[in-house]
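Colleague: turn this into a model:
(2 chains)
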Protein chains: 2
Amino acid sequence: MYRWPTVNYKEEGMREGMQIEDSQISIDDKVELLDALSETGLKQIVVGSFVSPKWTPQMERIDEIVTRFTPKPGVTYTALALNSRGVERAKAYSPPLTIERDQFPRLGVHMCDVFVRRNTNRSQAQEMERWPQVVAQAQELNIKEAGIGTNASWGSNFLGEFPVDDLMTMLERQHSMWDEVGIKVASASMGDPMSHCTPAKVEESVYRVKEKWPEINNIRLHLHNGRNMAIASAYAAMRVLGPEDTLDIDGTIGGYGGCPYCGNGRATGMAPSEDILHMMEDMGIETGVDIDKLIECVWMAEKVMGRELYGHVSKAGPRPKSVSSLYNIDMPFVETLEQAKHFKVGPSAYEGGIYPYREPITSEYRDRVDQGKPAYDPAGGEWPWKQDWFPAKD
Amino acid sequence: MYRWPTVNYKEEGMREGMQIEDSQISIDDKVELLDALSETGLKQIVVGSFVSPKWTPQMERIDEIVTRFTPKPGVTYTALALNSRGVERAKAYSPPLTIERDQFPRLGVHMCDVFVRRNTNRSQAQEMERWPQVVAQAQELNIKEAGIGTNASWGSNFLGEFPVDDLMTMLERQHSMWDEVGIKVASASMGDPMSHCTPAKVEESVYRVKEKWPEINNIRLHLHNGRNMAIASAYAAMRVLGPEDTLDIDGTIGGYGGCPYCGNGRATGMAPSEDILHMMEDMGIETGVDIDKLIECVWMAEKVMGRELYGHVSKAGPRPKSVSSLYNIDMPFVETLEQAKHFKVGPSAYEGGIYPYREPITSEYRDRVDQGKPAYDPAGGEWPWKQDWFPAKD
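Modeller: Alright, predicted model coming up:
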């Protein structure tokens, strides 16, 4: 019914995830997890951040991680740096790191003056003061396409909700500065560090951006999940984009992560990568990611963290589609999360479970599916009402 | 931008939730939780099920619960019964129970012959064999409006994915049986016991139902959440319905629940009520539910179950909107889930957290908001570029 945008997915678990976890997690564990992530088919992985170890001790030994991990050809590895000192530190490891330069020179601003002060020790005014300089530099370099963007786009834990009108006003202001110097705006970025996204607001925002500026064909969303709205919001954005558009979107395996400045800590989270990528798979959006391998990474991360993470596909397993992945139709009760792991560990997981049937379960449908035929076959006449037993024949 | 349907929300935690939990949870705890749910503003609460205690020992003492709980005027309490014996048992407690009769005589069928056999000891053929009888009875009673419906609508753990075309064929067949006797179809129900819903498929299904039969203005969705798609799917359905439509939708506090027959057990879940109702609140859909009180119920349920449930709003708190609920802008680090509970338990939750600032955080924006003004004020000229410091003035 719909045609979807191209989606570029960035795995943030090693950065957004690890930065809010125990700083004592071993480098061995982190390197093992990063190497496992590299084998899943993910194309963009953030390995961590080069920030002050004083306030982010979780990233104190980032140098060891980038030295010891095994880069996989074809995967882009980046690291977050919030200032020039961080960028310099990261450059020492490039390659294997790619020093992330925004493809577009971008005007950006936090809608929330409080969060930007808490998180980066700058005011919103200081962010805006840089705008003319960004524009001037782009002119000097003869740049053809630029970007606009907001962070804390839909609301803040410290200031409350921002109506989409306010977001649009902020983007319009940035857009007009590019217009004045004749540089085309091709990208709009909307961040959400405090989990104020909702599908209705994200859909409205992306729709209005596209409606006002159809030439913007790159949308970037960094959505947090403290109110469980990240997946629905991502879907809502995909809904109003088309195949001519590219959506850059981020998440973390298991959905863990957050920052200590936003006020929600580990309750913040992001869209669980395994869940949102499995959704995209169903929609026919190319991801290149092997969900089973990604689930192995989630289980590995849960072992390291010593607790269950937030994702669901890692607990229930993917929707079985291939014949070989279909469940045993005569399986006993599956009740606990341990028993539910049969999708990966096999029948031993539910062995000894309650078996309530007098006779084994059988079904002609499954027989058909096992033979490689579809359950329902419009062409082959397998619809129930074409069979003898059906009470109200054509 | 959009106008939404009326939504009727049904809380299933006492039934879908409890049926997969420890059968030893005390009746005292269950009654206390049910009574707390009654105080939240929820309008429809399922209290449990009248089923065989042999296979569902969790519901063995349902009689005690319905005897001891305190019915709240204005709340409709129902119980699940899968056969006439169950209905008879439930009738003994009506009132306070409302014996659930579908508002519409309904033709219904499981798309998955295996699941219906496992769950109800009937085949799909047996479900369909009842169709002519349902139609005849509706004719006798001179019924004006009827329903159609599927369960396991989008796929099955035992048979794989069902294309939306198959679902539509099944609904069309039912619709034509009502057409033949001149009874209008006003309602379509789609269930999903095995968590195969995805927003794209749910949106397509609801869209096609409405497109084909615009006179269907009641849609019912019972979505499970084993692959974390229930909220996005519900949003996708709301997206293609309008104010002339009613959406009946179910979920559970904390998002717990499932059945032992589907193969996912406790990994199944439903949309967490607190998360989906908070979403609806943001969309301007009337729910009548006090999210704070609902969160108290989730915390109560987590205490009873001895573990964290799946919902998010209960961990991060609702998006603060009122001035009194905004976070302290000078709060220290919030890292753990315990610290994150400050939204309900107050500043003691984060007391002793790391404080990284040399000087207290201040912001003119917060000053404005504290005075009851909006953060941005298009009318009042509070946009940053209208102020003296802004570097690129109009």
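Colleague: what about the strands in chain A?
Modeller: Taking DSSP state E to define them, one finds strands in chain A at A:6-11, A:44-50, A:76-81, A:106-110, A:145-151, A:155-156, A:160-161, A:184-192, A:218-223, A:246-251.
Colleague: I'd like these as CSV, with distance to B:Glu180 appended.
Modeller: Every C-beta, even on glycine, is put in place using the N, C-alpha and C of the backbone. What follows is those, written out as CSV (distance: least, CB to CB, whole Å):
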stretch, distance to B:Glu180
strand A:6-11, 46
strand A:44-50, 56
strand A:76-81, 60
strand A:106-110, 62
strand A:145-151, 57
strand A:155-156, 53
strand A:160-161, 52
strand A:184-192, 52
strand A:218-223, 49
strand A:246-251, 47
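Colleague: what's next to the helix or strand bottoming out on mean pLDDT in chain A, contact-wise?
Modeller: Sorting the helices and strands of chain A by mean pLDDT, DSSP states H and E puts helix A:84-91 at the bottom, at a mean of 90. Helix A:84-91 is contacted by residues A:Ser49, A:Phe50, A:Val51, A:Asp63, A:Ala79, A:Leu80, A:Ala81, A:Leu97, A:Ile99 when judged by CB atoms under 8 Å, 6 or more residues apart in numbering or on different chains.
Colleague: could you dump the residues you listed into CSV with pLDDT, distance to chain B and neighbour count added?
Modeller: Shown next, in CSV, are those (pLDDT from 0 to 100; distance: CB to the nearest CB, whole Å; neighbours: other CB atoms under 10 Å in any protein chain shown):
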residue, pLDDT, distance to chain B, neighbour count
A:Ser49, 94, 16, 23
A:Phe50, 93, 17, 25
A:Val51, 91, 12, 22
A:Asp63, 94, 22, 16
A:Ala79, 93, 21, 26
A:Leu80, 92, 17, 19
A:Ala81, 90, 18, 18
A:Leu97, 91, 26, 20
A:Ile99, 87, 27, 13
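Colleague: Serialize those to JSON lines and add fields for distance to A:Glu308.
Modeller: Output for those, formatted as JSON lines (distance: CB to CB, whole Å):
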{"residue": "A:Ser49", "distance to A:Glu308": "25"}
{"residue": "A:Phe50", "distance to A:Glu308": "30"}
{"residue": "A:Val51", "distance to A:Glu308": "28"}
{"residue": "A:Asp63", "distance to A:Glu308": "31"}
{"residue": "A:Ala79", "distance to A:Glu308": "28"}
{"residue": "A:Leu80", "distance to A:Glu308": "26"}
{"residue": "A:Ala81", "distance to A:Glu308": "32"}
{"residue": "A:Leu97", "distance to A:Glu308": "31"}
{"residue": "A:Ile99", "distance to A:Glu308": "35"}
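Colleague: residue contacts, A:Phe115?
Modeller: A:Phe115 neighbours (CB under 8 Å, 6+ apart): A:Asn151, A:Ala152, A:Ser156, A:Asn157, A:Phe158, A:Pro193, A:Met194, A:Tyr261, A:Cys262.
Colleague: OK, contacts around the nearest residue to A:Gly108 once chain neighbours are set aside?
Modeller: Excluding the flanking residues, the one nearest A:Gly108 by CB to CB, 6 or more residues apart in numbering or on different chains is A:Gly149, at 4.1 Å. Counting by CB under 8 Å, 6+ apart, A:Gly149 makes contact with A:Arg106, A:Leu107, A:Gly108, A:Val109, A:Leu171, A:Gln174, A:Ser187, A:Ala188, A:Ser189, A:Met190, A:Gly191, A:Arg220.
Colleague: which residues does A:Gly149 bridge with?
Modeller: When bridges are called by DSSP bridges, A:Gly149 pairs up with A:Gly108, A:Ser189.
Colleague: please tell me how far it sits from B:Asn142.
Modeller: Distance of A:Gly149 to B:Asn142, computed by CB to CB, to the nearest Å: 62 Å.
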